[in-house]
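Enquirer: return a 3D structure for these sequence lines:
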Amino acid sequence: MRANADTTRAPPQVADVKDFTLKLNKAAAAALGMDGYVTVSYNYNESLIFSGTHAPAFVLRVVTLGNGTDKNEAFAKSFFSFFEKELGIPDNRGYIIFNDPSPVNLAHKSTTFAVLLG
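Expert: Reported below is the predicted structural model:
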């Protein structure tokens, strides 16, 4: 199981991006139940319009291998709770996109995860 979380458009009050991404990385690892291979990227996008306004919102992309769709609802609850707590963004101001590309479609260390996971 591997994960990548990428956020787009959060409120400008994220004064310390490195601190925020460390918190998000820790929250993602806890939500997804993994210690390693968690990658987080934060990108502020002032032009994002969500439901017709520029009010704070986010789009989160979560890429995991082998989690199965039955876990997505629990993952969603954890991530929405994080954004509400850390950024004050309610759950009706964001989308979470879950993607499981399969081990043959994700690479690391010059090979695919199909090989790495054997």
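Enquirer: element containing I89?
Expert: Taking DSSP states H and E as the definition, I89 sits outside all helices and strands.
Enquirer: let me fix that: I97
Expert: Going by DSSP H and E, I97 is in strand 94-99.
Enquirer: by contact count, what packs against that strand?
Expert: Strand 94-99 is packed against strand 58-64, helix 72-87, with contacts defined by 3 or more Cβ pairs under 8 Å, 6 or more residues apart in numbering; DSSP states H and E. Where C-beta positions appear, they are placed from N, C-alpha and C, glycine not excepted.
Enquirer: what strands line up against that strand, and which way round?
Expert: strand 58-64 (parallel) (DSSP bridges).
Enquirer: alpha carbons only: can I get the partner strand in PDB?
Expert: C-alpha atoms of strand 58-64 as PDB (Å, rounded to 0.1, in the frame of the first residue of the first chain):
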ATOM      1  CA  PHE A  58      -9.500  22.100  -1.800                       C
ATOM      2  CA  VAL A  59      -9.000  19.300  -4.200                       C
ATOM      3  CA  LEU A  60      -7.100  16.300  -2.700                       C
ATOM      4  CA  ARG A  61      -5.700  13.600  -4.900                       C
ATOM      5  CA  VAL A  62      -4.900  10.300  -3.100                       C
ATOM      6  CA  VAL A  63      -3.000   7.700  -5.000                       C
ATOM      7  CA  THR A  64      -2.800   4.300  -3.200                       C
END
